[in-house]
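Chemist: Mind looking at a prediction? Sequence and model below.
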Amino acid sequence: MAVIEVEDLRKRYGPHTAVDGVTLTVARGEVFGLLGPNGAGKTTTVEILEGYRRRDGGAVRVLGEDPGHAGRRWRSRLGIVPQGAQDGGELTVREYVRHVAGFYPRPRDPDTVIERCGLDTKAGARLRTLSGGQRRRVDVALGIVGDPELLFLDEPTTGFDPEARRAFWSLIRDLAADGTTIVLTSHYLDEVEALATRLAVLAGGRVVAEGTPDVIGGRTAESVVSWQDGDGPHRVVTDAPLPLLSTLAGRATPVTGLRVQPRSLEDVYLELIGENR
Ligand SMILES: Nc1ncnc2c1ncn2[C@@H]1O[C@H](COP(=O)(O)OP(=O)(O)OP(=O)(O)O)[C@@H](O)[C@H]1O
């Protein structure tokens, strides 16, 4: 069943068209990645889906309702980790997470959420004393404490150290395995590749590619063959790797470090946004 249905979504800011006919569907339990350069329209699109921004055109259904007219009950089914971090302040992490849990009809246990977000040693610390990455973890805790059916994550791991990022990935996988639908906006392509079951690339307010991370943008149509020999490292992008491999196999001098890989998501992404600039 579709949790998000967007048809020909449009949004203008004065003369500037920020979202120019976006159509997409997200099914229950998917981790849907939204990629695109700065200014592509990702946050505008997501804020319309969250009911925080009005659209100028198109049809949108989120959890069966139009976000432009949905009420508090509908909102309590969403979890949102927006781009900007929450304010600091005099509350402790535990006080703040408990406070926000109180807004939801069936919240998760705040202490378990704090622990899952790697904040147990900071539960008693005041928000203003946290590092940037720790504050971001509080944002994630606030986004999931309501036990949302649909979770929006806008660049969630900015400022995370590598260990915290891996722990976050495992948290997201657990949430998805429990049936939470997740929309993940990120500039970290490795993050999207690791987590997304499907993704869309936005450029200039339009969807320029959509698919699973392994096939998007014709990723599997070509392979990258790389190896080393006496002349140094080599890298060839080809749609026919087998003849090249058999040539390399027949060489008198040895070839080392031979690898055959699909094109990286980064290569494909840069090509897509370059074509649609
Ligand atoms: N409130 C606003 N008023 C005027 N223009 C806006 C407003 N919000 C966004 N825009 C413009 O709309 C376009 C899309 O912005 P948006 O924030 O949706 O992009 P984004 O893909 O989320 O970018 P980023 O990766 O930088 O977060 C940009 O050109 C931006 O300058």
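Modeler: Happy to help now that I have it.
Chemist: Count the residues that sit near Gly132.
Modeler: Gly132 sits with 10 neighbouring residues when counted by other C-beta atoms under 10 Å. (Each C-beta comes from the backbone N, C-alpha and C, glycine too.)
Chemist: ok, now which ones touch the closest residue to it other than its chain neighbours?
Modeler: Using C-beta to C-beta, 6 or more residues apart in numbering and skipping residues adjacent in sequence, the residue nearest Gly132 is Gly159, 4.2 Å away. Shown in contact with Gly159 (C-beta atoms under 8 Å, 6 or more residues apart in numbering): Ser131, Gly132, Gly133, Arg135, Arg136.
Chemist: Name the helix or strand for Gly274, please.
Modeler: Per DSSP states H and E: Gly274 is located in helix 265-275.
Chemist: for that helix, packing partners?
Modeler: Packing partners of helix 265-275 (3 or more C-beta pairs under 8 Å, 6 or more residues apart in numbering; DSSP states H and E): helix 189-195, strand 198-203, strand 206-211.
Chemist: before we move on, the earlier item: tell me the pLDDT at the residue nearest to Gly132?
Modeler: We note a pLDDT of 82 for Gly159 in this prediction.
Chemist: quick one, phi/psi of it?
Modeler: Dihedral pair for Gly159: phi 90, psi 0, per degrees, to the nearest 10.
Chemist: quick one: low-confidence parts of the chain?
Modeler: 85-86, 88 (pLDDT under 70).
Chemist: Let's see that with 80 instead.
Modeler: 1, 84-89, 276-277 (pLDDT under 80).
Chemist: Show me the strands in it, by range?
Modeler: 2-13, 16-27, 31-35, 57-62, 78-81, 150-154, 181-185, 198-203, 206-211, 223-229, 232-238, 256-262 (DSSP state E).
Chemist: Can you get me a residue count around the residue nearest to Arg108 when sequence neighbours are not counted?
Modeler: Setting aside the residues directly before and after it, Arg108 is nearest to Asp147 in space (C-beta to C-beta, 6+ apart), at 4.9 Å. Residues lying near Asp147 (other C-beta under 10 Å) number 20.
Chemist: residues in contact with Asp147?
Modeler: Per C-beta under 8 Å, 6+ apart, neighbours of Asp147: Tyr104, Arg106, Pro107, Arg108.
Chemist: Quick one: buried ones out of these?
Modeler: Tyr104, Pro107, Arg108 (16 or more other C-beta atoms under 10 Å).
Chemist: Could you single out the nearest of those residues to the ligand?
Modeler: Tyr104 (26.6 Å; C-beta to the nearest ligand atom).
Chemist: Pull up the residues of the stretch 101-250 of the chain that are close to the ligand.
Modeler: Proximity of the stretch 101-250 of the chain to the ligand (C-beta under 6 Å from any ligand atom) involves no residue at all.
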